[in-house]
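Asker: The following block contains a protein sequence and its predicted model.
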Amino acid sequence: EHTVMIRLLSSVFILALVCLVNSQQVTFIQLLELLMPRSCQDVSTRKPNWSKGGVYTIYPNPGSQVGIQVYCDLVTDGGGWVVFQRRKDGSENFFRGWNDYVSGFGNLEGELWLGLDVIHNLTANNEYEMRVDLEDFNGNKTHAVYSNFVVSVAPLYALAVSGYSGNAGERNYTRNGKRNFSTKDRDQDTLATANCAESFKGGWWYTACHAANLNGLYLSGQHDSYANGVNWRPWRGYHYSLKISEMKLRRK
């Protein structure tokens, strides 16, 4: 009885989809994007009444039915952003080892690191831009946008960005080529005398060592220690740990 009901409902659903396509309200490609969006942009454009950000399943690899759950920012600068990093309240420990940074950790609606594997897979299949939104404990906000953003394959997961704009003042990443990702147990920075991740308490694309440390310790504003907080040097310096940071990417 249950099998018959499931088959009946499936037939009704398929018939409804065929009618929808035949009515020319949507194309077949648009229908696929409704059912299996490839990006947060598809979520944004095909479901315009879903204007609020939230958790959605996207299918970024063409021909694959394997989806990944992501948080879509559908509001900022036209929406369509996949949030891959978020700090907001200090509830999550970001001073973690290599395996955690590769696979990801946290809560999609809270503090979050989506995972280097996912970030690489997204940027390997399409061209992406990146946006960084920052807020201090006085409610002041700033942002940086990089028009080109790529993370390479394991084991380096090297960051390459270019095309800076915004008011956060960080052009540094566009000048120094690729930066490898490092953690406290995987030193891949360019500093020969120390492990930047261990010294500054985060996992990040360090060189020798950093102008930004958004995965550092959540130190809630002004701090005496040097450069180990949620720091963005050009805006609030090495002795101020920010309240909120969000890093997000969008398909071009």
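Answerer: Everything's here; your move.

Asker: tell me the helices in the chain, going along the chain?
Answerer: 2-22, 28-35, 40-46, 98-103, 116-125, 196-200, 233-236 (DSSP state H).

Asker: Mind telling me which of those helices the model trusts least?
Answerer: Mean pLDDT per stretch puts helix 2-22 lowest among the helices of the chain, at a mean of 51.

Asker: ok, how many other residues are close to Ala208?
Answerer: For Ala208, the neighbour count with other Cβ atoms under 10 Å is 12. (Each C-beta comes from the backbone N, C-alpha and C, glycine too.)

Asker: Setting aside sequence-adjacent positions, which residue approaches it most closely?
Answerer: Leu191 (3.8 Å; Cβ to Cβ, 6 or more residues apart in numbering).

Asker: what's the burial count for that neighbour?
Answerer: 14.

Asker: for Glu109, same thing?
Answerer: Glu109: 12 surrounding residues under other Cβ under 10 Å.

Asker: just checking, it touches Val55?
Answerer: Yes: the pair Glu109 and Val55 passes the contact test of Cβ atoms under 8 Å, sitting 6.4 Å apart.

Asker: Mutual contacts of the two, please.
Answerer: Shared contacts of Glu109 and Val55, defined by Cβ atoms under 8 Å, 6 or more residues apart in numbering, are found at Tyr71.

Asker: separation between Asn167 and Thr142?
Answerer: Between Asn167 and Thr142 the computed distance is 5 Å (Cβ to Cβ, to the nearest Å).

Asker: what's the answer for Asp117, then?
Answerer: Separation of Asp117 from Thr142 (Cβ to Cβ): 29 Å.

Asker: more neighbours, these two?
Answerer: Thr142 (19 against 16).

Asker: got the phi/psi numbers for the nearest residue to the more buried one once chain neighbours are set aside?
Answerer: Spatially, and ignoring its direct neighbours in sequence, Thr142 is nearest to Ala168 (4.4 Å; Cβ to Cβ, 6+ apart). Per-residue torsions, Ala168: phi -80, psi -10 (degrees, to the nearest 10).

Asker: Ala168: how many residues sit nearby?
Answerer: 20.

Asker: I'd say Gly237 and Asn231 touch.
Answerer: Yes: with contact defined as Cβ under 8 Å, Gly237 counts as touching Asn231 (7.2 Å).

Asker: Tell me if I'm right that Gly110 and Ser91 touch.
Answerer: Yes: counting by Cβ under 8 Å, Gly110 does reach Ser91; the two are 6.3 Å apart.

Asker: distance of the closest residue to Thr207 other than its chain neighbours from Asp77?
Answerer: In space, and not counting its chain neighbours, Thr207 is closest to Thr190: 4.8 Å by Cβ to Cβ, 6+ apart. From Thr190 across to Asp77, the span is 33 Å (Cβ to Cβ).
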